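>>> Build me a structure from this.
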Amino acid sequence: MKPAEFPNESAALTCPSCDSDRITSEATTQSFLYGKQGEQVELKAKVTVYKCSDCDLQFTDSAAEEARNNAIREYLVLRKPHEIADIRDKHHLSRAEFAAISGIGTASLARWESGSLIQNVANDRYLYLLGFEENFVRIRALMEKTDSSFVRQSDADVGQKGKSLQGGESLGQRCRFRALPPDVSRLRARASRFKLRRFASK
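Numbering: from 1, shown residues only. The predicted structure follows:
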């Protein structure tokens, strides 16, 4: 059963097959299989099933897809979308700022927080650890030490070393990033002279 997308929930519901507006709905518990072939388990989710009175098509919407995804998360013991967003909000960081420190891509964060993608077990456990302040401070210190593009300001500007971001301060207020010099013509000239050496075959 393919879920139908309804961008405007306030609009009248129509059949995705024949565009009829004669739609009935029924709340039910839906069973579905999850996992690899031969290792599948049966999971259940409470969904609303819609039926077209004209063509008898039965379909579900994006809310049902989210319910099925949440059933998978509960089975795998994974954090739900709002719980992932709560971890980032706890540190008062935007997605870009959280990504710069954690190493997780902003696109992945956006998909996990919106529920359009389920994170794997390894990333979920990493997010769990980042929820603890002391772990987040360690990860940030490691990133500052190993990433040459990330340079901390003086302690006078950022406060006592090792403290976490507080008071809604953004990462941009606490750090600065190196940039290319205004005149990049010399860099381009050096790049244009770069050639691969060809070695004679024996």
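>>> what sits opposite residue 41 in the beta ladder?
residue 34 (DSSP bridges).
>>> I figured it hits residue 75, correct?
Yes: using Cβ atoms under 8 Å, residue 41 is in contact with residue 75, at 7.1 Å. Bear in mind the C-beta positions are built from the backbone N, C-alpha and C, glycine included.
>>> so what sits against both of these two?
residue 34 (Cβ atoms under 8 Å, 6 or more residues apart in numbering).
>>> Have a look at those two and say which one is more surrounded.
Legend: neighbour count by other Cβ atoms under 10 Å for residue 41 and residue 75, higher for residue 75 (13 against 10).
>>> Name the nearest residue to that one, ignoring sequence neighbours.
Counting by Cβ to Cβ, 6 or more residues apart in numbering, residue 43 is the residue found nearest to residue 75 once chain neighbours are left out, at 5.7 Å.
>>> how far away is the one you found from residue 96?
Taking Cβ to Cβ, to the nearest Å as the measure, residue 43 falls 35 Å from residue 96.
>>> Please say which of those two ends up with more neighbours.
Taking other Cβ under 10 Å, residue 43 and residue 96 do not tie; residue 43 has more neighbours (16 against 12).
>>> Could I get the full set of strands for the chain?
Taking DSSP state E, the strands of the chain run over residues 3-4, 23-34, 41-52, 58-61, 150-152, 175-177.
>>> The residue nearest to residue 75 and residue 29 touch, don't they?
No: at 10.7 Å, residue 43 does not count as touching residue 29 under the criterion of Cβ under 8 Å.
>>> And the helices in this protein, which stretches?
Here the chain has its helices, by DSSP state H, at 62-76, 81-90, 95-102, 106-114, 121-130, 133-146, 155-158, 171-174, 185-192.
>>> right, so the ones you listed: which one is the most enclosed?
helix 95-102 (a mean of 19; mean count of other Cβ atoms under 10 Å).
>>> Any stretches of the protein with poor pLDDT?
By pLDDT under 70, the low-scoring segments of the chain are 1-11, 148-202.
>>> Can you give the domain ranges for it?
For the chain, automatic domain parsing gives the domain ranges 16-76, 81-177.
>>> Skip the chain neighbours and tell me the closest residue to residue 130.
Counting by Cβ to Cβ, 6+ apart, the residue nearest residue 130 is residue 136, at 5.4 Å.
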